[in-house]
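> need a structure here:
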Amino acid sequence: MPRQKGAYVTKTHLSDQFVLAVKDQLRNVRYQIRRSAEGGGPRPHRFAPHLPRPVALAAASVFSQVEAAATAFLPENEHLSAALAFPQPISAYFSPEADKANAFVPEIYYALKGLLRRFGLEVFLVSEQAVDEAVGAVKARSGPLADVALDGSRPSSERMDATVRLCAALSAELAAARPIREMMTSLSGEPAPRNLGRAPNDYCALMVGLAVALASKGDANAGDLDALIVSADLAVDARFAELSAALGSANPSSALAREFAAMIPFLP
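Numbers count the residues shown, from 1 in each chain. Purely as a prediction, here's the structure:
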């Protein structure tokens, strides 16, 4: 019966939202413990003692195990971390098969974490629930674009145009959701993009969308994922002022799509 089916879907979605909220809270505690141990600012509570680093790491490990236990309540096909290497073509995130596997949210979540680690950051807090909200907004507003992007019977130029617009929408929604809640500066002293510290959510959101768009071009270099990330990083860093202006415009998805479309033909 339609009503029962709808109620089931709503209940399932709310259950998943609850699990994501619990996981994010556990990650927050783990982050605050590590932050305190590394001397990264005030303690999470004025009565909380400063923890020696070995004790803090052990405590963080315990919270990681509790987080893994919370993940066990998710459907079996959501028990994944970075099973799908980033970035992948748009079909890996929007196809019916990808939708059935519920891989979109965790893959983008782990892609953001991977980017931060790539930039030399070790202690940071990323909200998976915020990623879920961003992905949900893209799916709700960009369904027709996904249909065009995945329609093999359409001309490649038309499919690529829809793909670029879809990737721009993903970047805009991620930037708006602000999933990177906190982060400490690099502990290893490695250089990071100069604009990352100014606006980490904008920078990483732009990189995610642009990297996926580049992976969707179908060029010979598409299999070299590291090259795609490097290309996206250099492009975002060089054009950050223009891309930021697009994000701050009245229609960020459309403005960003124009910026992406102008850049992508010249990127490997």
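> In three-state terms, label the spatially closest residue to Gly197 that is not a sequence neighbour for me.
Excluding the flanking residues, the one nearest Gly197 by Cβ to Cβ, 6 or more residues apart in numbering is Thr185, at 7.3 Å. Yep, even glycine has a C-beta here, placed from its N, CA and C like the rest. Following DSSP: H, G, I helix; E, B strand; the rest coil, we place Thr185 in the coil state.
> Thr185: how many residues sit nearby?
12 (other Cβ atoms under 10 Å).
> Distance-wise, check it relative to Met207.
Thr185 is 19 Å from Met207, where distance means Cβ to Cβ, to the nearest Å.
> tell me the contacts of Glu128?
If a contact means Cβ atoms under 8 Å, 6 or more residues apart in numbering, then Glu128 has Leu20, Lys23, Asp24, Arg27, Val105, Pro106, Tyr109, Pro179 as its contacts.
> what helix or strand does Gln17 sit in?
Using DSSP states H and E, Gln17 sits in helix 2-37.
> Check the average confidence over that helix, would you?
Mean pLDDT, computed over helix 2-37, is 58.
> I'd like the next helix or strand past the worst-scoring helix or strand of the chain on mean pLDDT.
Taking mean pLDDT, DSSP states H and E as the measure, helix 53-71 is the helix or strand of the chain with the lowest mean score, a mean of 49. Per DSSP H and E, the first helix or strand lying C-terminal to helix 53-71 is helix 91-94.
> how about the CA coordinates for the next helix or strand after that following helix, as CSV?
Towards the C-terminus, the helix or strand next in line after helix 91-94, according to DSSP H and E, is helix 96-101. Extracted C-alpha coordinates of helix 96-101, given in CSV (Å, rounded to 0.1, in the frame of the first residue of the first chain):
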residue,chain,number,x,y,z
PRO,A,96,20.4,3.9,-10.3
GLU,A,97,23.0,1.3,-9.2
ALA,A,98,24.8,3.9,-7.1
ASP,A,99,21.6,5.1,-5.6
LYS,A,100,20.7,1.5,-4.6
ALA,A,101,24.1,1.0,-3.0
